[in-house]
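Student: I need the structure of the sequence given here:
(2 chains)
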Amino acid sequence: MLDFLKGPILNVQNFFLLSGRAIVNIFRSPHYADDIALQMDIIGVGSLPLILLTGLFTGGVITLQMSRALNQYGASGQVGNIVAITLVRELGPVLTALLVAGRNASGMASELGSMKVTEQIDAMRALGTDPAKKLVTPRLIATATMLPVLTVISDFMGLVGGYIVGCVMLSLTTPTQFWSSAYQALDYSDIAQGLIKPLTFAFVIALVGCHYGMETTGGTQGVGRATTRAVVVSSVWVIVLTFFIGNFFVNLN
Amino acid sequence: MSSQGQRVALRLEGVTVEFDDTVALENVNLEVRQGETCVIQGAAGSGKTVLLKTALGLIRPDAGRVELFGLDAGKLRRRELEELRARMGILFQEGGLFDSMTIEENVAYPLLNQKSVKCAPEEVLPRVKEALEFVELGHTLEKVPSELSGGMRRRVGIARAIVTQPELLLYDSPTAGLDPITANTIMALIAKEREIRQTTTLLATHRYQDGYLLANYRYNGATGQLEAVSNGTGLRTRFLILDRGRLVFEGSQRELEESRDEYVSKFTKALKQ
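Tutor: Below is the predicted model of the structure:
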């Protein structure tokens, strides 16, 4: 009667088993330093142009949309404050994570999925390597390292975008006031929230991407399905988790 | 030790493997002694690949027991199983080469990653070259798998399987999808490996010609050619037929050719004609 639940439960069980092994492997040798460096390059350096561009325009559009409301209340000088809080607490981590999920969770799922259907994963096991250690852990370490860095860069670019729109285009405030209000608006809990979120999202993106890749069946069509699922599931979890982490920090304050 | 005094390299006892609601292997019993050649035939989807992967410990059976070199694979820890796998080599159906690595890196992979394989760093390249020379692809060290033809990729797969000089070699459909000339080249290499190193061989194939060649031809090291032997039984080759996960035939070449079973006789029909 409950046969329809078997598949999802097995899927969740396999996800946690893979996640557990990947995390434990962080503390076990051998460590594949070359693979970690390669993944850092792919995830970090490869995503950089995308993050720079979206960060810049996100800050710009927040300022643009807020300008009318701030003018209405005679609070246009607070634009730096609003841009900083919105970006560091929420939009910076979430947008960066969604972009990295779209770019890298899909990449991981398709790469590992292709390896699975062409028996490269089996070959790896047959030749004495744990695929979780060789393939999943380096991607997890690389994402957990690069996503917080990319988020900080995105936050900064957002502030630059906000500055360009708020000070140069709309003359809402002076540059000094913009940067000082942005700086003063942030306290330690904002910084903590802004870094805990990307770290959590990094685990979700890397593990979901790798899990769907490793579970791929059914040839090239299966690779396509795994890729789509990896992006959809990791993106949904990013949105869900940002609510819970945000809720935790709101209650903390 | 078996009754004939030969050690058993691989034993499957009542092995059943299921995927969801599909039975891939059903109560399979098989014993392969050292130095023996087993040719497993069956239609597509009959369970040949699953059988090889179960033998290698890549798939855990839902029921039954797999014994490798006298050890119960089900009771071994992962590390112990990995050590045992170093005594085995496998050629996957499509070669299973790592497409992000060069041919040299692919062939060197088991030497560098199998813990029980003791190979000094300065010995890796000479052994890789030797394995690639064996399959006549010594010039492909710097290439990547995508630059090679299907037949060449299988030959590199053979080189990777034999580089650690394993005692038991498993070949999964090594000639599938290849033209007859390339298929014969691959089979000649398998026969050559068997003769030179006296390796126990488990070959899964849907082509009777492949098994026929192993049962009736021997590699002559002096001439570098395969030559027919008068009596195939001298080459210790057994034939097994799988049908939808069940082992429906086990016997010699003669018994196979004389079988009146409708399914079993289909495999020899092509050669008889």
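Student: Give me every residue in the stretch 1-150 of chain B lying close to chain A.
Tutor: By CB under 8 Å from any CB of the partner chain, the part of the stretch 1-150 of chain B that sits against chain A consists of B:53, B:56, B:58, B:78, B:82, B:85-86, B:88, B:90, B:92-94, B:96-99, B:109-110, B:113-115, B:117. In this view, the C-beta of every residue, glycine as well, is placed from N, C-alpha and C.
Student: ok, now with 7 Å
Tutor: When proximity is defined as CB under 7 Å from any CB of the partner chain, the stretch 1-150 of chain B approaches chain A at B:53, B:56, B:58, B:82, B:85-86, B:90, B:92-94, B:96, B:98, B:109-110, B:113-115.
Student: what packs against the longest helix that chain B contains?
Tutor: If you go by DSSP state H, chain B has its longest helix at helix B:180-197. Identification of packing neighbours for helix B:180-197 by 3 or more CB pairs under 7 Å, 6 or more residues apart in numbering or on different chains; DSSP states H and E yields helix B:150-162, strand B:200-205, helix B:208-216, strand B:217-220.
Student: now it, how far from the chain's geometric center?
Tutor: How far helix B:180-197 lies from its chain's middle: 12 Å, per CA atoms, centre = their mean, to the nearest Å.
Student: Same question for stretch B:31-49.
Tutor: Here stretch B:31-49 is found 8 Å from its chain centre; the criterion is CA atoms, centre = their mean.
Student: First-to-last residue distance for it?
Tutor: With CA to CA, to the nearest Å applied, stretch B:31-49 spans 17 Å between its terminal residues.
Student: Just the buried residues of it, please?
Tutor: Across stretch B:31-49, burial judged by 16 or more other CB atoms under 10 Å in any protein chain shown covers B:31-34, B:36-42, B:46-49.
Student: residues touching the residue lying closest to A:Pro175 once chain neighbours are set aside, list them.
Tutor: Counting by CB to CB, 6 or more residues apart in numbering or on different chains, A:Cys167 is the residue found nearest to A:Pro175 once chain neighbours are left out, at 5.1 Å. With contact taken as CB atoms under 7 Å, 6 or more residues apart in numbering or on different chains, A:Cys167 is in contact with A:Thr173, A:Thr174, A:Pro175, A:Phe178.
Student: count of residues packed around the first one?
Tutor: Residue neighbour count, defined by other CB atoms under 10 Å in any protein chain shown, stands at 23 for A:Thr173.
Student: ok, now the last one?
Tutor: Residues lying near A:Phe178 (other CB under 10 Å) number 24.
Student: which element is it on?
Tutor: Take DSSP states H and E as the rule and A:Phe178 turns out to sit in helix A:175-185.
Student: For the very next helix or strand once past that helix, name the packing helices and strands.
Tutor: Downstream of helix A:175-185, the next assigned helix or strand under DSSP H and E is helix A:188-214. When contacts are defined as 3+ CB pairs under 7 Å, 6+ apart, helix A:188-214 sits against helix A:3-25, helix A:92-100, helix A:106-117, helix A:137-163, helix A:219-252.
Student: so where's the chain shaky on pLDDT?
Tutor: Picked chain A for this. A:1, A:253 (pLDDT under 70).
Student: The intended chain is chain B.
Tutor: Ranges of chain B meeting pLDDT under 70: B:1-5, B:231-235, B:270-273.
Student: coming back round to it: got JSON lines for the helices and strands packed on helix A:188-214, with mean neighbour count and distance to B:Leu125 too?
Tutor: Below are those laid out as JSON lines (neighbours: other CB atoms under 10 Å in any protein chain shown; distance: least, CB to CB, whole Å):
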{"stretch": "helix A:3-25", "mean neighbour count": "13", "distance to B:Leu125": "29"}
{"stretch": "helix A:92-100", "mean neighbour count": "25", "distance to B:Leu125": "39"}
{"stretch": "helix A:106-117", "mean neighbour count": "24", "distance to B:Leu125": "26"}
{"stretch": "helix A:137-163", "mean neighbour count": "24", "distance to B:Leu125": "25"}
{"stretch": "helix A:219-252", "mean neighbour count": "16", "distance to B:Leu125": "34"}
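Student: how about the ones you listed in a markdown table, adding distance to chain B?
Tutor: A markdown table is the format used below for these (distance: least, CB to the nearest CB, whole Å):
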| stretch | distance to chain B |
| --- | --- |
| helix A:3-25 | 8 |
| helix A:92-100 | 21 |
| helix A:106-117 | 8 |
| helix A:137-163 | 13 |
| helix A:219-252 | 11 |
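Student: Any idea which of those gets closest to B:Ala222?
Tutor: Distance to B:Ala222, taken as CB to CB, is lowest for helix A:106-117 among the helices and strands packed on helix A:188-214, at 42.4 Å.
Student: Need the contact partners of the very next helix or strand once past that closest one.
Tutor: Next helix or strand after helix A:106-117 toward the C-terminus (DSSP H and E): helix A:120-126. Contact with helix A:120-126 is made by A:Met115, A:Pro131, A:Lys134, A:Met214, B:Lys53, B:Leu56, B:Leu58, B:Arg85, B:Ile90, B:Phe92, B:Gly96, B:Phe98, as judged by CB under 7 Å, 6+ apart.
Student: which is the next helix or strand following helix A:120-126?
Tutor: Helix A:120-126 is succeeded, C-terminally, by helix A:131 (DSSP H and E).
Student: Show me where chain B has its helices.
Tutor: B:48-55, B:78-85, B:103-113, B:121-134, B:150-162, B:180-197, B:208-216, B:253-258, B:262-272.
Student: picking up where we left off before, closest one of the contacts of helix A:120-126 to A:Ser189?
Tutor: A:Met214 (36.9 Å).
Student: Could you double-check that the closest one sits in contact with A:Leu18?
Tutor: Yes: when contacts are counted by CB atoms under 7 Å, A:Met214 is listed as touching A:Leu18 (6.4 Å).
Student: thinking again about what came up before, possible to save the helices and strands packed on helix B:180-197 as TSV with mean neighbour count and distance to A:Phe27?
Tutor: Shown next, in TSV, are those (neighbours: other CB under 10 Å; distance: least, CB to CB, whole Å):
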stretch	mean neighbour count	distance to A:Phe27
helix B:150-162	25	31
strand B:200-205	26	38
helix B:208-216	22	47
strand B:217-220	16	49
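Student: With distance to A:Tyr163 as extra columns, can I get these in a markdown table?
Tutor: Supplementary listing: those in a markdown table, determined by distance: least, CB to CB, whole Å:
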| stretch | distance to A:Tyr163 |
| --- | --- |
| helix B:150-162 | 56 |
| strand B:200-205 | 66 |
| helix B:208-216 | 72 |
| strand B:217-220 | 76 |
